[in-house]
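Undergrad: got a predicted structure plus its sequence, pasted below:
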Amino acid sequence: MNKLLTLLLALFLATGTFSACGSDADEEPNTEADAGDDTDAGDDTDAGDDTDAGDELTDEELVAAIVTSEVAFTTGLDTAFDTYDCNCAFEEGGYADVESCLAEEPLSESELSAFEACLTTAIAGADTTDADLASYVACDSPATSTLSDCLNAIDTSVCSEDTENAIFTCEDDFYTAWETCAAEPGATWYQETFGPAVANCYEEFFPAPAE
């Protein structure tokens, strides 16, 4: 199991650059990908050796890292809109300048780490089967990777209707891909196995702003 999860985690992290316009502010959320370096410690050839078990992430930790990376991926969509608003209408958000607006937008490494720890605890003992995980990632990974590429191609410092429409196009394409994924067995398994835990932890650490 660890071998597959390590490969899946590597797949997510390998395509995990989701910054919307290439600014320093957008690159910060991707720092949680450093957690993926821990997978290097788990040599697949001796995964069953208890002598180095302390260096190897548990299944729950690996799944939590995958989901956390996915949260960072999809948050890139919100970041694109927020970055565009900061660059083009920071005054409307109550900011003095673009820099102060951008400084508040990205998810911090500490926030993502806390979310990952919450999720690791919440999914302890979950049924993480090879086939279901593989089915989920086979559909999910291309969707999130395409979103990343789409957002990275947009310069959100250009204030125009075309820029805003380009972000909406990325959003529409991403949700269309997700609707396709929702019909896959892996998506059903994911929702049943991790859906409530992900929702609870997300609400705890990234609550919706009060209206």
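TA: That came in fine, so what should we check first? Residues are numbered from 1 along each chain as shown.

Undergrad: I'd like to know which elements the lengthiest helix in the chain is packed against.
TA: As assigned by DSSP state H, the longest helix anywhere in the chain is helix 59-89. Using 3 or more C-beta pairs under 8 Å, 6 or more residues apart in numbering; DSSP states H and E as the contact definition, the elements that helix 59-89 packs against are helix 2-14, helix 24-27, helix 98-102, helix 109-122, helix 130-152, helix 161-181, helix 185-205. To be clear about C-beta, it is placed using only N, CA and C from the backbone, and glycine gets the same treatment.

Undergrad: avg pLDDT for the last one?
TA: Mean pLDDT, taken over the full extent of helix 185-205, equals 85.

Undergrad: just want the angle from it to helix 109-122.
TA: 120 degrees (axes from the mean of the first three to the mean of the last three C-alpha atoms, to 10 degrees).

Undergrad: now do the buried residues in helix 185-205.
TA: Using 16 or more other C-beta atoms under 10 Å as the burial criterion, the residues of helix 185-205 that qualify are G186, A187, W189, Y190, T193, F194, A197, V198, C201, Y202, F205.

Undergrad: so where's this structure uncertain?
TA: Regions of the chain meeting the criterion pLDDT under 70 cover residues 1-60, 73-77, 105-107, 208-211.

Undergrad: can we see that at 90?
TA: For the chain, applying pLDDT under 90 flags the ranges 1-83, 93, 101-117, 119-149, 151-152, 171, 174-211.

Undergrad: out of the buried residues of helix 185-205, which is nearest to L147?
TA: Using C-beta to C-beta, A187 is the member of the buried residues of helix 185-205 that sits closest to L147, with 16.3 Å.

Undergrad: and the gap between the closest one and V198?
TA: For A187, the distance to V198 equals 13 Å [C-beta to C-beta, to the nearest Å].

Undergrad: again, but for E192
TA: If you measure E192 against V198 using C-beta to C-beta, the figure is 12 Å.

Undergrad: just E61 next, same as before
TA: In this structure, E61 and V198 are 15 Å apart, going by C-beta to C-beta.

Undergrad: same thing with E161?
TA: Here the criterion is C-beta to C-beta. By it, E161 lies 35 Å from V198.

Undergrad: then F90?
TA: On the measure of C-beta to C-beta, F90 and V198 end up 32 Å apart.

Undergrad: kindly report the same for S141.
TA: For S141, the distance to V198 (C-beta to C-beta) stands at 17 Å.

Undergrad: also T180?
TA: With C-beta to C-beta as the criterion, T180 and V198 are 20 Å apart.
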